[in-house]
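>>> build me a structure from this.
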Amino acid sequence: MAVSSQAALHSALAGVPLFAGLPAADLLELSQKLTPQRFARDEVILLQGDSHGDLHIVEGGSVRVVLTSPDGREVVLALLGPGEFFGELSLLDGLPGSAEVIAQEDCSLLRLRREHFRAFLRSHPHTAEALLAVLSRRIRDTNTLVYDTTFRDVPSRLANAIVKLAASYGRKENDGIVIGLRLTQEALASMIGSSRISINKHLKHWERQGLIRSRNGVIKVLDLEKLWQENNLGEYPLDVSQWVS
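Residues are numbered from 1 along each chain as shown. Coordinates of the predicted model:
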């Protein structure tokens, strides 16, 4: 592998929260075991039932983790961007994957074989603790998804999803916060358990109110506080500046 490529892999690993605080020598050791991969938008990365149990780190772009019904309908469990990872459950328990992973947009991944990562975890307990923290957060997110689908109406679920996307992928501009992902109305519908027609209706309504702007799958939130408050999302945080760059 070329020196520049190795340096790029080392740099990519350093930006993954899972490996925060690791010495440079440990990151270098780990980076030498990575296999770069590229996928085009909507290309299937993992099928439900795949059993290799490797860890995949998102280097660039984004992926969606989905459950798919026999008739092809999707429920999006998570959108993962740079620095996030998937495949950790099969990696830990050795069982086949329970969901599909699909490229949300053109993306680059770093694949780490199961045996290499498990050996690394045994000698780096700090990374094991960080992995457990991520797993706990994802369980909480799944619980929230079940709660929202059961108890919230469609506009509240959609507003909540947009706020979370702004928190994870938002970029500040003078007149609002741009969500740095291209999201079709079908994708938004899959995220909240609704229909494209319903998503279209609520997005148009919020555009007329001046709360958002949606162009070619890119959403800009123009009034985050009002979007939050008008859709019964609870007490508005006093400072959301920490959410977005």
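
>>> distance of the residue nearest the centre of the chain from residue 109?
The residue lying closest to the centre of the chain (Cα atoms, centre = their mean) is residue 80, at 2.0 Å. Separation of residue 80 from residue 109 (Cβ to Cβ, to the nearest Å): 10 Å. No exception for glycine: its C-beta is placed from N, CA and C like everyone else's.

>>> shared neighbours of these two, anything?
Common neighbours of residue 80 and residue 109, using Cβ atoms under 8 Å, 6 or more residues apart in numbering, are 58, 63.

>>> what comes up buried for the helix or strand of the chain with the lowest mean pLDDT?
Lowest on mean pLDDT, DSSP states H and E among the helices and strands of the chain sits helix 3-14, with a mean of 70. Within helix 3-14, the residues scored as buried using 16 or more other Cβ atoms under 10 Å are 9, 10, 12, 13.

>>> could you give the separation of it from the chain centroid?
Helix 3-14 sits 22 Å away from the centroid of its parent chain (Cα atoms, centre = their mean, to the nearest Å).

>>> same question for stretch 149-165.
Using Cα atoms, centre = their mean, the offset of stretch 149-165 from its chain centre is 16 Å.

>>> closest one to residue 84 out of the buried residues of helix 3-14, please.
The shortest gap between residue 84 and any of the buried residues of helix 3-14 belongs to residue 12, at 12.2 Å (Cβ to Cβ).

>>> not counting residues beside it along the chain, what's closest to that closest one?
Of all residues not flanking residue 12 in the chain, residue 59 sits nearest, at 5.0 Å (Cβ to Cβ, 6 or more residues apart in numbering).

>>> and the one you found, how many neighbours?
22 (other Cβ atoms under 10 Å).

>>> which helices and strands does the strand or helix carrying it pack with?
For residue 59, the host element (DSSP states H and E) is strand 55-60. Other helices and strands packing on strand 55-60, by 3 or more Cβ pairs under 8 Å, 6 or more residues apart in numbering; DSSP states H and E, are helix 3-14, strand 34-39, strand 85-86, strand 107-112.
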